[in-house]
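Peer 1: following is a predicted model, sequence given first.
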Amino acid sequence: MGWSEEQLEFRASLRRFADSEIAPSRFELESGRQPPYEVLRRYYAEFQVGDEALARFQATMDDRSIPRANPAEILLPIIEFSRQGPGLVTSLGVSTSLAPTSILRAGNAEQKMRWVPDLLTFTSIGAWALTEPDSGSDAFGGMRSRATRVDGGYLLNGSKTFVTNGPYADTIVYFAKLANSDGVDKVTSFVLDGNIPGLSRSAPLDKMGLHSSPTGDLHLIDVFVEADRHLATNRGPRDRSSHTRARATFAAERASVAAMSLGVIERCLELSIEYARARIQFGDSIGTFQLVQEMLARIEMARYNVENMLLRYLQDVETGDRPTLAAASVMKLYAASAASQAASDAVQIHGGSGYMASSHVEQLFRDARVLQIYGGTDQMQILEVAKDLLRVPSVNR
Ligand SMILES: Cc1cc2nc3c(=O)[nH]c(=O)nc-3n(C[C@H](O)[C@H](O)[C@H](O)COP(=O)(O)OP(=O)(O)OC[C@H]3O[C@@H](n4cnc5c(N)ncnc54)[C@H](O)[C@@H]3O)c2cc1C
């Protein structure tokens, strides 16, 4: 397993873009002073990402068959841009993948045509609002946002927090509970415009890291939405096709966190090698000290493992052997903590310089931490893996 020539060329072109278009603005982006959308739109234009996504969408809507998107083409930009910092791809992924995928999964044809093309082309900025102040890991069980039926539509009330792109989003997929005909509450979703009356949103929240990805709160008081904003087509977990698609979406999301982790680890390794060669202490470069070598070897071990996991994932997807959710969880769990540890080792190798805000490893250390929290915390990944292990009776899996 390895990257093909074509993939390596693609990576090189992405690196050139990141070096010329992202790196010079890194401090502005990672201080939160510059929202990420302009630079991301330049990437979309230069690599014609939106055009391809749109062609694929239109083919699906017309029921024409078209080759599936190459998963490596999705993961390689994530890896490359995460070398600068995983914030940009977080913002991009929520807007162009998580939000439109939810509409594609649960919307009718009209709703898909109305919102998905602008999200896929990054013409509009998307957000995906599930987490609430009192419901995070138990997002569905503890949800308080509520929709009630009124003449011509629904009234929505509730609050969401930690919403990526929340402060700037044009189109928001909002989850709320709605009583079904038997009076039982079911989680469902609605599409809101960012300027809909009754919706207020916070400024970007101050965070530990990931500053290039704006995160915010949303508050809804008696927000009226017409019935055609309700994404009601999803037939629920008993519908096999919707269940399979949901599994594929979760697996892809977890793979993208592993790709972000790889970008972080790669950059930490490069910077640490450079520094270990250049920094002289006790009359020698610190790279000659075995305790420093150990940290370098540990980062390389993380890089090697995470890259192999991603290559295996790509191979499975390409051969149609869809990874189980548990396999994707293993990958996310391992990759995220490996990235945090690698970034911590990189700071240690850089000593006091690594603690300075001017150092790239300082930023990557703060950024990496979120990989163990969002997209399902480490603990939730562990539960997912264990659930799967215990459900399958045979040890020969
Ligand atoms: C930068 C950032 C961006 C985000 N973007 C979005 C977004 O766009 N949209 C969105 O909807 N959400 C978003 N989130 C929210 C994210 O998905 C949640 O933070 C995450 O799911 C954890 O929920 P929580 O923060 O409420 O923690 P909690 O669920 O309260 O967890 C607190 C601790 O308890 C542990 N825990 C909880 N339940 C169990 C259990 N059953 N067993 C063992 N341990 C448990 C957790 O692992 C964790 O260690 C974002 C978060 C961050 C930080």
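Peer 2: Looks like it arrived, so ask away. Given the structure is predicted, the values throughout are model-derived calculations rather than measurements. Numbers count the residues shown, from 1 in each chain.

Peer 1: ok, whichever residue of the chain sits closest to the ligand - how many residues close by?
Peer 2: With Cβ to the nearest ligand atom, the shortest gap between the chain and the ligand falls at G136, namely 1.6 Å. (Glycine included, C-beta is placed from N, CA and C.) Using other Cβ atoms under 10 Å, G136 has 17 other residues around it.

Peer 1: next: F175.
Peer 2: Other residues close to F175 by other Cβ under 10 Å number 23.

Peer 1: then the one 10 residues further on?
Peer 2: Other residues within reach of D185, judged by other Cβ under 10 Å, total 13.

Peer 1: these two touch, right, it and A147?
Peer 2: No - at 9.9 Å, D185 does not count as touching A147 under the criterion of Cβ atoms under 8 Å.

Peer 1: and this structure, which residues reach the ligand?
Peer 2: 94, 128-131, 136-137, 162-164, 210, 215, 370, 373-374, 377, 379-380 (Cβ under 6 Å from any ligand atom).

Peer 1: are any of those buried, and if so which?
Peer 2: Among those, those classed as buried by 16 or more other Cβ atoms under 10 Å are 94, 128-131, 136, 162-164, 210, 215, 370, 374, 380.

Peer 1: surely A326 touches R391?
Peer 2: No - A326 lies out of contact with R391 (Cβ under 8 Å); the separation is 9.1 Å.

Peer 1: settle it for me: which of these two has more neighbours?
Peer 2: With neighbours defined as other Cβ under 10 Å, A326 and R391 compare such that A326 has more, 19 against 8.

Peer 1: quick revisit: what residues are shared contacts of D185 and A147?
Peer 2: 177-178 (Cβ atoms under 8 Å, 6 or more residues apart in numbering).

Peer 1: please verify my assumption that L333 contacts T377.
Peer 2: No - if you go by Cβ under 8 Å, L333 and T377 don't touch, sitting 9.6 Å apart.

Peer 1: give the buried residues for stretch 4-24.
Peer 2: Buried-residue list, stretch 4-24, by 16+ other Cβ under 10 Å: 7, 10-11, 14-15, 17-18, 21-22.

Peer 1: so who does L75 touch?
Peer 2: L75 neighbours (Cβ under 8 Å, 6+ apart): 255-256, 259, 310, 314.

Peer 1: my bad, L325
Peer 2: Here L325 is in contact with 247, 250-251, 384, 388 (Cβ under 8 Å, 6+ apart).

Peer 1: over to A326?
Peer 2: 384-385, 387-389.

Peer 1: could you say which helix or strand contains it?
Peer 2: A326 belongs to helix 325-355 when assigned by DSSP states H and E.

Peer 1: what's the first helix or strand after that helix?
Peer 2: helix 360-368.

Peer 1: which strands and helices sit next to the helix or strand that that next one is followed by?
Peer 2: On the C-terminal side of helix 360-368, the closest following helix or strand by DSSP H and E is helix 378-391. Judged by 3 or more Cβ pairs under 8 Å, 6 or more residues apart in numbering; DSSP states H and E, the packing partners of helix 378-391 are helix 325-355.

Peer 1: tell me what angle the helix it packs on forms with helix 360-368.
Peer 2: Between the axes of helix 325-355 and helix 360-368, defined by axes from the mean of the first three to the mean of the last three Cα atoms, to 10 degrees, the angle is 150 degrees.
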